[in-house]
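Peer 1: how does the following fold in three dimensions:
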Amino acid sequence: MKISQRARAIAPFYAMEFGKQAAELEAAGHHVVKLSLGEPDFGAPPAVLEAMRNAMDGRPMAYTAALGLPALRQAIARFYADRHGVEVDPARVAVTAGASAALVLATAALVDPGDEVLIADPSYPCNRQIMESFGARVTLVPTTPASRFQLDAASVGAHWTGDTRGVMIATPSNPTGTSVPADELRTLCSLARERGAWRLVDEIYLDLADPDDHGRPPGTALAHDPDAVVINSFSKYFGMTGWRLGWCVVPEALVPALERLAQNYFLCASAPAQHAALACFTPESLAVAEARRVEFAERRALVLDGLERIGLPVPVPPDGAFYTYFDVAATGLSSWDFCARALSEAHVALTPGRDFGVGTAESHVRLSYAASAGELREGLARLGKFVSALGPTASSL
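Peer 2: Prediction:
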């Protein structure tokens, strides 16, 4: 059987690969501290679970409209108004089978073979893999701690070519947990818009970002750029990873194309998950989600303190999501070897920088603090012993 060039070219998602190895160790009877995947341990809010039980009472569960239940699209639009102060027409909201499906639809609608797309290095690997599957030529733009490992207008301008058709931004970012400052995001979107390029903004961790100095929730890119394509998800802020439900907000002109693509690619997102997700936007569920955001901030402080004690520096402290991206160069190990040995010797699952780009591939490791505080303390204790046992190079940290 001949395998397509597309399938042969796509790289593994190493976080998932390490997750598989962790599962094998657990099956063999070991307790593995899993800090490799961005999967909140809380689960869906209680009202959502109850709504799902009610939805699954035996009634026929038909397809929804391709772009989602009208009531859910309206609820998402209200969420933007209430939380972020941005008016969004519900007709511009598309409910999708996870944020990944939103990215597939947006990419299919925007990308032609040969189009250049600028993405930060480091960044979430599936973003560029999906773009490349549709024929995009992805240019990874190097970033540094000075830019918070994020794109900025200067770096994008320096890498712009005659083939550049779009820019993908993730704020807060996976793997670094850092956000693009509001003024920089506004400037970056303006630069791309003025050059006729689309702006695709991954905001799946937006509502896990820290409030501003006045206690206000973080701002969506739509506040600066109403015609940006914005992707979000029920997986992170609402803790619904396995439910596979997300959404995107697109310009009005893009809605018909997105609808045709959704009809053909997915028919619709899960109907019961959509019905249950309506309960995300009740005051009860929003209060639960906010309490969990605060808990993640407390876990972040625990992890940053623990990594500092071990001597594993975090070049840019995160301000959102639930990741830290730390430097292992001083241990004398590559990030891959560090993760492989931490898993086999300390039974701690992490993700090597190879997943996220080129510039930090060998020097940095992602830790997800989506696990419980107890598991984080155990994982940090094991990592401390592991690093101490590496010998003189590591012990001098």
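Peer 1: show me where the stretch 51-200 of the chain has strands.
Peer 2: Secondary structure of the stretch 51-200 of the chain by DSSP state E, counting those that start in this stretch: the strands cover 93-96, 116-121, 137-142, 164-170, 198-202.
Peer 1: what's in contact with the first one?
Peer 2: Just to be clear, that refers to strand 93-96. 64, 67-69, 72-73, 76-77, 102, 105, 245-250, 255, 258-259, 262, 266, 268-269, 274 (Cβ atoms under 8 Å, 6 or more residues apart in numbering). Just so you know, the C-beta spots here come from the backbone N, C-alpha and C atoms, and that holds for glycine as well.
Peer 1: hey, which of the strands of the stretch 51-200 of the chain is tucked in deepest?
Peer 2: Stretch with highest mean neighbour count among the strands of the stretch 51-200 of the chain: strand 93-96 (a mean of 28; mean count of other Cβ atoms under 10 Å).
Peer 1: mean confidence score for that one?
Peer 2: Here strand 93-96 scores 98 as its mean pLDDT.
Peer 1: how about the strands of the stretch 51-200 of the chain in CSV, adding distance to T324?
Peer 2: CSV is the format used below for the strands of the stretch 51-200 of the chain (distance: least, Cβ to Cβ, whole Å):
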stretch, distance to T324
strand 93-96, 29
strand 116-121, 17
strand 137-142, 20
strand 164-170, 16
strand 198-202, 19
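Peer 1: among these, which is nearest A279?
Peer 2: strand 93-96 (14.7 Å; Cβ to Cβ).
Peer 1: from M61, how far off is L343?
Peer 2: Applying Cβ to Cβ, to the nearest Å, the value for L343 to M61 is 40 Å.
Peer 1: okay, the two: which has more neighbours?
Peer 2: For L343 versus M61, the count of surrounding residues by other Cβ atoms under 10 Å is larger for L343: 20 against 14.
Peer 1: what sits closest to the more buried one if chain neighbours are left out?
Peer 2: Closest residue to L343 apart from its sequence neighbours, by Cβ to Cβ, 6 or more residues apart in numbering: A349 at 5.4 Å.
Peer 1: now R137
Peer 2: Nearest non-adjacent residue to R137 (Cβ to Cβ, 6+ apart): E116, at 4.9 Å.
Peer 1: what about the nearest residue to G379 once chain neighbours are set aside, neighbour count?
Peer 2: Here the nearest residue to G379 in space, its sequence neighbours aside, is V33; by Cβ to Cβ, 6+ apart that works out to 3.7 Å. V33 has 24 neighbours, counted by other Cβ under 10 Å.
Peer 1: please report phi then psi for V33.
Peer 2: According to degrees, to the nearest 10, the main-chain angles of V33 amount to phi -90, psi 110.
Peer 1: can you check A15 too?
Peer 2: phi -60, psi -40.
Peer 1: neighbours around it, how many?
Peer 2: Quick note: A15 (other Cβ under 10 Å) scores 24 neighbours.
Peer 1: let me know the pLDDT of it.
Peer 2: 77.
Peer 1: the nearest residue to it once chain neighbours are set aside: what's it in contact with?
Peer 2: Using Cβ to Cβ, 6+ apart and skipping residues adjacent in sequence, the residue nearest A15 is T351, 4.3 Å away. Residues in contact with T351 (Cβ under 8 Å, 6+ apart) are Y14, A15, F18, S36, L37, P175, C339, V365, R366, L367, S368.
Peer 1: what about 6 Å?
Peer 2: T351 sits next to A15, S36, R366 when contact means Cβ atoms under 6 Å, 6 or more residues apart in numbering.
Peer 1: distance-wise, check it relative to I130.
Peer 2: Counting by Cβ to Cβ, the gap from T351 to I130 is 19 Å.
Peer 1: count the residues that sit near the residue nearest to P145 when sequence neighbours are not counted.
Peer 2: Ranked by Cβ to Cβ, 6+ apart and with sequence neighbours excluded, the top spatial neighbour of P145 is P315, at 4.1 Å. Neighbours of P315 under the rule other Cβ under 10 Å: 17.
Peer 1: mind checking the SS state of P315?
Peer 2: When classified by DSSP: H, G, I helix; E, B strand; the rest coil, P315 comes out as coil.
Peer 1: distance of it relative to A9?
Peer 2: From P315 to A9 the distance is 31 Å (Cβ to Cβ).
Peer 1: do L258 as well
Peer 2: Taking Cβ to Cβ, one finds L258 at 26 Å from A9.
Peer 1: these two: which is more packed in?
Peer 2: Between L258 and A9, L258 has the larger neighbour count (other Cβ under 10 Å), namely 24 against 10.
Peer 1: whichever of the contacts of strand 93-96 end up buried, select them in PyMOL.
Peer 2: Buried members of these can be picked out in PyMOL with the line below, counting by 16 or more other Cβ atoms under 10 Å:
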select buried, resi 64+67+68+69+72+73+76+77+102+105+245+246+247+248+249+250+255+258+262+268+269+274
